[in-house]
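Novice: here is a sequence together with a model predicted from it:
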Amino acid sequence: MKFVVIFGPQAVGKMTVGHELEKITELKLFHNHMTIELLAPYFNFSPEMWTLVSKLRQDIFEATATSGMYGMIFTYVWAFDMQDDWDYLDNVCKIFGDKGGEVYFVELEADLEERIERNKTPHRLEHKPTKRDIARSEHDLKQTMEHHRLNSFEGEIKRENYIRINNTKLNADEVAEIIKNRFAL
């Protein structure tokens, strides 16, 4: 079992890269908005929604880790200044590690101007209905960036299977090829 975590700020291209990586490997994409979009219409970003998101993801990770599936791609916005986010990813990775799985970390970074443009792409809006209010989504993107550190410091990620890619000027298929080749997926 291979578990690939693609993380970075909003609209950096995590889901789009995940879709491209899914096309060229046997990995299955489980992007973070799959659970959010399922529950937001009922609970509207309330604490109850986030509790259910966590429970649902936990169940999916546990089932996947024992499924015999080749592997999974998971996307995540990691606030490096929040210990809860560190703990969450450690716990998720432990689910796979405890079952003999291999964990790979892929960090994406891109310029703010590029992320603002990507925030409006048809592909993003198709898969993330809660982002379709572009003004609100862009405001959230900027506000989150102001309140949290969404990319790591150099040397902060200590995992052996880790790569950081600035994809400001790269297409998603190019980034997927880099990931596939780097980790022999």
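Specialist: That came in fine, so what should we check first? This structure is a prediction, so every number in the text was calculated from the model and none was measured.
Novice: can you list the weak-confidence ranges in the protein?
Specialist: Under the criterion pLDDT under 70, no range of the chain is flagged.
Novice: now do the helices in it.
Specialist: Applying DSSP state H to the chain gives helices spanning 14-24, 33-43, 47-65, 83-97, 112-118, 122-127, 134-147, 172-183.
Novice: got the CA positions of the fifth one in PDB?
Specialist: C-alpha atoms of helix 112-118 as PDB (Å, rounded to 0.1, in the frame of the first residue of the first chain):
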ATOM      1  CA  LEU A 112      -0.100  33.900  -5.000                       C
ATOM      2  CA  GLU A 113      -1.000  35.400  -8.300                       C
ATOM      3  CA  GLU A 114      -1.000  31.900  -9.900                       C
ATOM      4  CA  ARG A 115      -3.100  30.500  -7.100                       C
ATOM      5  CA  ILE A 116      -5.700  33.200  -7.500                       C
ATOM      6  CA  GLU A 117      -6.000  32.300 -11.100                       C
ATOM      7  CA  ARG A 118      -6.200  28.600 -10.400                       C
END
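Novice: and it, what's buried?
Specialist: Neighbour-count burial for helix 112-118 flags 115-116, 118 (criterion: 16 or more other CB atoms under 10 Å). Every C-beta, even on glycine, is put in place using the N, C-alpha and C of the backbone.
Novice: switch the residues you listed over to JSON lines; also include distance to residue 26.
Specialist: Output for those, formatted as JSON lines (distance: CB to CB, whole Å):
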{"residue": "115", "distance to residue 26": "30"}
{"residue": "116", "distance to residue 26": "34"}
{"residue": "118", "distance to residue 26": "27"}
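Novice: and which of those residues is nearest residue 144?
Specialist: For the buried residues of helix 112-118, the minimum distance to residue 144 (CB to CB) is 11.0 Å, reached by residue 115.
Novice: that closest one touches residue 140, doesn't it?
Specialist: No: taking CB atoms under 8 Å as the definition, residue 115 is not a contact partner of residue 140, at 11.9 Å.
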